[in-house]
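> heads up, no residue letters with this:
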C-alpha cells in the first residue's frame, strides 16, 4: 500500500498537482497520522522527485516550489500533531541553537525543526534569520548548548556555514559542540554536508530530534 501511494504522490508531484497531493496525504493521515504519512509516503516521493530533478533536469524552479509547498503543508500539520501528542515531562534532553545562516531568510524549515525538537524535550534557542557565524558560537557558549543547527535554502547561502565550522575548529570547540545542517539544498546536493563541515543532516524536520540526540550523545 505504501509503495502504491508513494507512486501516486510522485505522479502528483510530476504534474504539479498540489490539491491531489495534499488530498492523498491527508486521507492517509486521517487513519495513520501525519508522522506516518511523512515517513511512508511523502519522504520517499520527495527523494524520488529530487533524484529526478538532479539527474534529468527538466523540472522548473516554479515546479519545485509547488512540491516544496506540499511538503511544508504536511510537515506543518505533522509538527502540530507532534506538539499535541507530546508528553508534559519537564525533562530536558539537551540544549540546541537554531538559526538561518548569514544572508538566508527562508525560515519555515527552521521553525519546523525547532517545533519538533521542543516537542521531543529539547530546549531550543532560535536566533532567527541572517545569523552571523559568530553569533551561533557566542550563544552556544552562553547557554551551554551541545548542538548548533544551521539552516540554508540555497547553495549560495549554505556555503556561509563553513564560517561556523571554522570558528568551532579555531576555538577547539568541535569536540564539545556539534554542527547540524539542513535545508532543501542538502537534499539535492548530499556532498554539501562534507563541503560545509557539518556533523550531520536529515531529510526533513521530523527526523531532526533523532539527529540532535545522536550528535549530542557523541560528545565525550
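Arrived safely. Keep in mind that what you see is a predicted model, and the values were worked out from it rather than measured. Numbering: from 1, shown residues only.
> Give the buried residues for the lengthiest helix in the chain.
As far as residue count goes, and with DSSP state H defining each element, the longest helix of the chain is helix 61-85. Neighbour-count burial for helix 61-85, with 16 or more other C-beta atoms under 10 Å as criterion, is recorded at 63-64, 66-68, 70-71, 74-79, 81-82. C-beta here means a position set from N, CA and C on the backbone, and glycine is covered the same way.
> Buried ones in the one helix or strand in the chain whose mean pLDDT sits lowest, by neighbour count?
Comparing helices and strands within the chain by mean pLDDT, DSSP states H and E singles out helix 43-55 as the least confident, with a mean of 80. Under the neighbour-count criterion of 16+ other C-beta under 10 Å, helix 43-55 has 43-46, 48-50, 53 buried.
> so where's this structure uncertain?
1, 54, 87-90 (pLDDT under 70).
> Show me what secondary structure element comes after the longest strand along it.
When the chain is scanned for its longest strand (criterion: DSSP state E), the result is strand 94-100. Downstream of strand 94-100, the next assigned helix or strand under DSSP states H and E is helix 108-119.
> what residues does that following helix touch?
Defining contact as C-beta atoms under 8 Å, 6 or more residues apart in numbering, one finds that helix 108-119 is touched by 72, 75-76, 79, 82-83, 86, 96, 98-100, 124, 126, 149, 151, 153, 182-184, 205-206, 208-209, 212.
> Provide the partner residues of the closest residue to residue 218 other than its chain neighbours in its beta bridges.
Distance criterion C-beta to C-beta, 6 or more residues apart in numbering; nearest residue to residue 218, sequence neighbours excluded, is residue 178 at 6.8 Å. When bridges are called by DSSP bridges, residue 178 pairs up with residue 147.
> Show me the domain layout of the chain.
According to automatic domain parsing, the chain comprises the domains 2-85, 94-217.
> among those domains, which is the most enclosed?
Among the domains of the chain, the stretch with the highest mean neighbour count (mean count of other C-beta atoms under 10 Å) is domain 94-217, at a mean of 19.
> rewinding a little: quick one: the longest strand of the chain to helix 108-119, angle?
Angular relation of strand 94-100 and helix 108-119 on a 0 to 180 degree scale: 170 degrees, by axes from the mean of the first three to the mean of the last three C-alpha atoms, to 10 degrees.
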